[in-house]
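Trainee: Got a sequence here, can you model it:
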Amino acid sequence: MTTLAEGSGSSKEKALRGLFVAGLVDVCLTTTAFLLSNSSVLLADFLKTSIELIAITLSWVAIRRINRGGGKTYEYGLGKLENISSLFVALVMLLSFLIITANAVRNIITPGHIEGIGLWVSIGAQIVYSGINGALYLKNRRLSRESPSPLMDSQTRLFMTRFVGNVFILISLGLSIAFAGQRWASYIDPAASLVIALSILSATLGIFSSSVYDLLDRTLEEERQIMILAELARHFNDYEELHGIRSRRSGAEVYVEIFLEFDPEKRISEVQQAVDRLRKSIEEKIQGSRVTIAMTTEEVA
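Mentor: Numbering: from 1, shown residues only. Purely as a prediction, here's the structure:
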């Protein structure tokens with residue numbers, strides 16, 4: 001039987017495989033459009049899309065490794081591989097931002113009107129991919145809500161950025177063509193590139209801050225600590241005394257240790273049933289949690 005965790009991992013891998021194929025086709029189209037035009041936006045689009053494909057590939061490789069398990073090689077911290085992959089995504093997006101910005105500044109200093117059949121190739125591609133990236137963004141946002149992780153969060157941000165980029169490129173190309181006779185129109189192309197670059201920078205900072213934060217082992221948030229106490233209160237008839245709770249977050253995983261004292265007159269089977277009920281209820285309330293319940297008669301520091 002497939003567990004929930006296995007199912008969510010499989011969904012992530014399937015989604016990333018689809019994104020890789022879509023990204024590969026997108027790279028081919030943007031390369032063709034760039035080579036057949038002199039547009040700074042299309043050069044930026046080509047570079048951005050190529051780097052994003054590298055980011056998707058890294059994410060896909062990471063999630064495949066996670067789904068297949070680490071064996072003895074990754075006894076600890078397997079979940080942190082997602083955080084590290086997210087940092088790679090952020091780094092390549094930062095590189096994309098720098099390249100696009102440098103190219104836009106160069107074209108503002110030496111402006112020129114855009115031309116070439118590549119413009120029309122790109123307009124067609126932007127229309128198609130604005131629909132594709134919009135749909136992929138919504139799909140990844142749903143998967144991220146069902147199974148939160150830094151990797152899926154980074155992919156959701158990435159495809160939101162790509163959708164916004166498609167719309168901006170389409171508008172900028174349309175305006176540049178429509179006002180080709182005006183001198184000021186030569187600045188539309190590089191200006192649109194800067195808007196795209198700023199949106200990428202914003203997404204990069206968000207990914208970087210969340211991934212670095214999740215790489216650090218830390219105590220559980222107060223809201224989730226209250227959830228644990230609420231579940232213990234709801235099952236107070238199943239045990240005699242509460243001797244301590246330890247909890248921490250490591251990456252996307254939450255680890256909870258609960259130390260309980262049970263009625264010595266109870267059968268082992270009854271105690272085990274009570275333990276299973278409490279563990280299941282907490283893990284259902286706190287997504288991504290791993291709950292361990294120990295039997296003890298002493299207070300735990």
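
Trainee: contacts and neighbour counts: CA atoms only from here.
Mentor: Fine.

Trainee: where does the stretch 51-200 of the chain dip in pLDDT?
Mentor: Residues of the stretch 51-200 of the chain that meet the criterion pLDDT under 70 lie in 59, 62-63, 65-85, 147-152, 154.

Trainee: Please enumerate the helices of the stretch 201-301 of the chain.
Mentor: Remark: helices assigned in the stretch 201-301 of the chain by DSSP state H, counting those that start in this stretch are 222-234, 268-285.

Trainee: where does the helix or strand containing residue 168 sit relative to the chain's centre, distance-wise?
Mentor: Element membership of residue 168 [criterion: DSSP states H and E] is helix 150-178. Centroid separation for helix 150-178 versus its chain: 16 Å, with Cα atoms, centre = their mean, to the nearest Å.

Trainee: still on that earlier bit, worst average pLDDT in the helices of the stretch 201-301 of the chain?
Mentor: For the helices of the stretch 201-301 of the chain, mean pLDDT drops lowest on helix 222-234, to a mean of 82.

Trainee: what's the closest of the helices of the stretch 201-301 of the chain to residue 14?
Mentor: Nearest to residue 14 among these is helix 268-285; the distance by Cα to Cα comes to 24.3 Å.

Trainee: So which residues make contact with the closest one?
Mentor: Helix 268-285 is contacted by residues 227-228, 231-232, 235, 238-239, 262, 289-293 when judged by Cα atoms under 8 Å, 6 or more residues apart in numbering.

Trainee: and those residues, which are buried?
Mentor: The neighbour-count test (16 or more other Cα atoms under 10 Å) marks 228, 232, 238-239, 262, 289-291, 293 as buried among the contacts of helix 268-285.

Trainee: Which of those sits closest to residue 57?
Mentor: For these, the nearest to residue 57 is residue 289 (27.9 Å; Cα to Cα).

Trainee: quick one: contacts for that closest one?
Mentor: 253-256, 282-283.

Trainee: mind listing the strands for this protein?
Mentor: For the chain, strands defined by DSSP state E occupy the ranges 241-250, 253-261, 289-295.

Trainee: so how far is residue 123 from residue 34?
Mentor: 12 Å (Cα to Cα, to the nearest Å).

Trainee: Show me which of those two is the more surrounded one.
Mentor: residue 34 (24 against 18; other Cα atoms under 10 Å).

Trainee: ok, that one to residue 259 distance?
Mentor: Residue 34 is 63 Å from residue 259, by Cα to Cα.

Trainee: Same check on residue 287?
Mentor: As judged by Cα to Cα, residue 287 and residue 259 stand 21 Å apart.

Trainee: cool, and residue 103?
Mentor: The gap separating residue 103 from residue 259 is 60 Å, by Cα to Cα.

Trainee: Equivalent analysis for residue 163, please.
Mentor: Taken as Cα to Cα, the span from residue 163 to residue 259 is 49 Å.

Trainee: Look at these two and report which has more neighbours.
Mentor: Remark: of residue 163 and residue 259, residue 163 carries more neighbours, 22 against 19, as counted by other Cα under 10 Å.

Trainee: Could you give me the buried positions within stretch 261-271?
Mentor: 261-262, 271.

Trainee: out of the buried ones among the contacts of helix 268-285, which one sits closest to residue 88?
Mentor: Set against residue 88, the nearest of those by Cα to Cα is residue 289 (25.5 Å).

Trainee: what's the nearest residue to that closest one if we skip its chain neighbours?
Mentor: residue 254 (4.3 Å; Cα to Cα, 6 or more residues apart in numbering).

Trainee: Check residue 116 too.
Mentor: Leaving aside its sequence neighbours, residue 116 sits nearest to residue 37 (Cα to Cα, 6+ apart; 4.5 Å).

Trainee: Could you pull up the contacting residues of that neighbour?
Mentor: By Cα under 8 Å, 6+ apart, the contact list for residue 37 reads 114-119.

Trainee: What subset of those is buried?
Mentor: Buried residues within the contacts of residue 37, defined by neighbour count using 16+ other Cα under 10 Å: 114-115, 118-119.

Trainee: and those residues, which of them are in helices?
Mentor: 118-119 (DSSP state H).

Trainee: Might you report the residue contacts of residue 99?
Mentor: 44, 47.

Trainee: Please tell me how far it sits from residue 204.
Mentor: Using Cα to Cα, residue 99 is found at 14 Å from residue 204.

Trainee: next one: residue 95
Mentor: Remark: distance between residue 95 and residue 204 (Cα to Cα) = 10 Å.

Trainee: Tell me which of these two has more neighbours.
Mentor: Using other Cα under 10 Å, the more surrounded residue of residue 95 and residue 204 is residue 204, with 25 against 18.
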